[in-house]
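1. with the sequence up front, the predicted model follows.
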Amino acid sequence: MNKKNQIRQKKFLKTNYGEIESPFFMPDATRGFVKFLSLKDLSNINLEAVVVNTYHLFLRPGQSFFKKENIHKWGNWEIPVLSDSGGYQVFSLIRRNKKMGKITDKGAYFRSPLDGKWLWLTPEKSIAMQFDLGVDMMVVLDDPPQNNLKKDKIKQAVERTLQWARRSVKEYKRQIRNRRISFKKRPLLFAVIQGGPYLDLREYCLNGLKKIAFEEKDDIFKDWDGYGFGGRHVDSQGNFMEDILKATAKMIPNNKWKFALGIGSPEDIVKSVSMGWDMFDCVIPTREGRHGKLLIRKYPKIIVRNKLKYEVVNISNQRFKNNTKIIDKHCQCELCQYYNFSFLHHLFKYQDPLGMRLVALHNLKFYLDLMNELRDIQVV
RNA sequence: GGGUCGGUGGCAGAGUGGUCAAAUGCACCUGACUGUAAAUCAGGCGUCUUCGGACUUCGGCGGUUCAAAUCCGUCCCGGCCCA
């Protein structure tokens, strides 16, 4: 470790379901479960928190279901659960495909991909649903624009995000009051900073969010618990938008949690941690795992100047047919303990769910190990 | 032995004179995936290529035709029916 490196200040996020040390990674359990992975699988790799999705759980099993159940009891989640607001679906469903709905100042009007039914998602409904879910951390509904839109369109999305954030806080306070939740037991509330690739818009958005917090401040709501980086963090070529991520992290007060929504690839995470981002969630380890992309760490495990040594291989490639080596003899996951490249390749040639599960699990372990490592060093 | 239907690219299976290097599916090869409409999606899949094309293919051989996977003859092989 060179002299510029310094021991990172230990930070712990306190939730109703325990503390998590920063930085940490949460897999996406969008529909209330991490695809292909059981609670036992997840506990075997010491998973610390998950992200569920308000929109998807709204569709099924539905809000009324959660009037009687909560996500912890129902899904038997004994770790902190964060719910995303459905804001990303405003982007991924509606903004990317107009047939899927429309966005108005009132909220987002979705056509369900499940059965075609229409669903209004407003900032208020999103917050109320997140209370019904009984999660430990929640995010306000936001409007994430494509990065390549004209600046005035992105400004519009920022304005809408701000307006929605204010309505979200009001609903948050209303819910806390009605449910008589103590300040200590409250779910944490995250705002989302939009602004696309424009730093001045990001700054404008952050200032707007701070202003809302100031104006809405009372004995129930003191301030945002954290801020998320909204929208897309990669440009149209898929390059990580390092500068804007770095500048945005710098603007956020250090006593606030910095949530890098949807980030990202292992190297993007390493960079983001060095910028000060604390929290991450991403579908890469699980989705790409199911698609046969296997992350393999290289030894010795060192991270120098934000460079992480690892390789990503497609296990379906013919070259693995006869490779009977163990995948990573240092890895403690089920895949590396019991199987080899060749057998895994075989599982994928038959598209057996076992292969998909094993790789998703392995990749997730890769991410969790990486986060553990990043806790011990301040990467410069 | 007689009759009849059929033999198409790794497999299944379209096509029945030119628009056919030949639909489609599977298999195979490769790539993409970043707050999950994703066990999904995209591309390639005869040979060679200076990426413009060039060359060899639809059981074998031989014809007809300007032109044949497609029509005719014959042979080989397979299914079914009759002896």
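-> Perfect, I can see it now.
2. okay, helices next: where are they in chain A?
-> For chain A, the helices defined by DSSP state H cover A:39-44, A:54-59, A:65-68, A:71-75, A:87-89, A:123-133, A:151-179, A:199-216, A:242-251, A:266-275, A:289-290, A:334-338, A:341-349, A:353-376.
3. how about TSV for those helices, with mean pLDDT and distance to A:Lys309 added?
-> All C-beta spots, glycine's among them, are computed from the backbone N, C-alpha and C. Compiled in TSV, the helices of chain A are given as follows (pLDDT from 0 to 100; distance: least, Cβ to Cβ, whole Å):
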stretch	mean pLDDT	distance to A:Lys309
helix A:39-44	98	25
helix A:54-59	96	36
helix A:65-68	96	44
helix A:71-75	98	36
helix A:87-89	97	31
helix A:123-133	98	39
helix A:151-179	98	36
helix A:199-216	98	31
helix A:242-251	98	19
helix A:266-275	96	10
helix A:289-290	98	20
helix A:334-338	98	18
helix A:341-349	98	19
helix A:353-376	97	11
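4. what is the neighbour count of the nearest residue in space to A:Leu295 that is not next to it in sequence?
-> Once flanking residues are discounted, A:Leu295 sits nearest to A:Phe366: 4.5 Å by Cβ to Cβ, 6 or more residues apart in numbering. If you count neighbours by other Cβ atoms under 10 Å, A:Phe366 ends up with 22.
5. please report how far A:Phe366 lies from RNA strand B.
-> Distance of A:Phe366 to RNA strand B, computed by Cβ to the nearest atom of the strand, to the nearest Å: 15 Å.
6. thinking again about what came up before, quick one: closest of the helices of chain A to A:Lys301.
-> Relative to A:Lys301, the nearest member of the helices of chain A by Cβ to Cβ is helix A:353-376, separated by 6.5 Å.
7. buried ones in that closest one?
-> For helix A:353-376, the neighbour count (16 or more other Cβ atoms under 10 Å) marks A:355-371, A:373-375 as buried.
8. please apply the same query to stretch A:137-157.
-> Buried residues in stretch A:137-157 (16+ other Cβ under 10 Å): A:137-145, A:147, A:154-157.
9. kindly indicate which of those lies nearest RNA strand B.
-> A:Pro144 (2.8 Å; Cβ to the nearest atom of the strand).
10. just the pLDDT at A:Ile7, thanks.
-> A:Ile7 carries a pLDDT value of 59.
11. can you check A:Gly238 too?
-> 87.
12. tally of neighbours for it?
-> Neighbours around A:Gly238, by other Cβ under 10 Å: 8.
13. measure the residue of chain A most remote from its centre to A:Ala128 for me?
-> Centroid-distance maximum for chain A: A:Asn322 at 37.1 Å, with Cα atoms, centre = their mean. Distance of A:Asn322 to A:Ala128, given as Cβ to Cβ, to the nearest Å: 56 Å.
14. and for A:Ile326?
-> As judged by Cβ to Cβ, A:Ile326 and A:Ala128 stand 50 Å apart.
15. swap in A:Asn207?
-> 27 Å.
16. so for the two, which residue has more residues nearby?
-> A:Ala128 (18 against 12).
17. touching, the more buried one and A:Tyr172? I think so.
-> No - the criterion here is Cβ atoms under 8 Å, and A:Ala128 misses it with A:Tyr172 at 9.4 Å.
18. for A:Lys298, grab the count of nearby residues.
-> 11.
19. please read off the pLDDT at it from the model.
-> In this model, A:Lys298 is scored at 94, pLDDT.
20. do I have it right that it meets A:Tyr310?
-> Yes - contact status for A:Lys298 versus A:Tyr310: in contact at 5.7 Å, counting by Cβ under 8 Å.
21. now A:Phe36: closest residue in space that isn't a chain neighbour?
-> Of all residues not flanking A:Phe36 in the chain, A:Arg357 sits nearest, at 4.2 Å (Cβ to Cβ, 6+ apart).
22. didn't the one you found look like it was pressed against A:Asp41?
-> Yes - the criterion here is Cβ under 8 Å, and A:Arg357 meets it with A:Asp41 at 7.4 Å.
23. RNA strand B contacts on the stretch 201-350 of chain A?
-> A:228, A:230-234, A:238, A:240, A:261-265, A:268, A:281-284, A:286-288, A:290-293, A:314, A:316-319, A:321, A:349 (Cβ under 7 Å from any atom of the strand).
24. for the residue positioned nearest the centre of chain A, give its distance to A:Met371.
-> Residue closest to the average C-alpha location in chain A (Cα atoms, centre = their mean): A:Asp281, at 2.6 Å. Here the distance between A:Asp281 and A:Met371 works out to 12 Å (Cβ to Cβ).
25. name the residues contacting each of the two.
-> The contact sets of A:Asp281 and A:Met371 overlap at A:Phe25 (Cβ atoms under 8 Å, 6 or more residues apart in numbering).
26. measure the nearest residue to the residue farthest from the centre of chain A once chain neighbours are set aside to RNA strand B for me?
-> Spatial nearest neighbour of A:Asn322, chain neighbours left out: A:Ser342 (6.0 Å); criterion: Cβ to Cβ, 6+ apart. To RNA strand B, A:Ser342 is 12 Å away according to Cβ to the nearest atom of the strand.
27. what about A:Ser342, how many neighbours?
-> By other Cβ under 10 Å, 15 other residues sit near A:Ser342.
28. you'd agree it is up against A:Phe320?
-> Yes - between A:Ser342 and A:Phe320 there is a contact at 6.3 Å, judged by Cβ under 8 Å.
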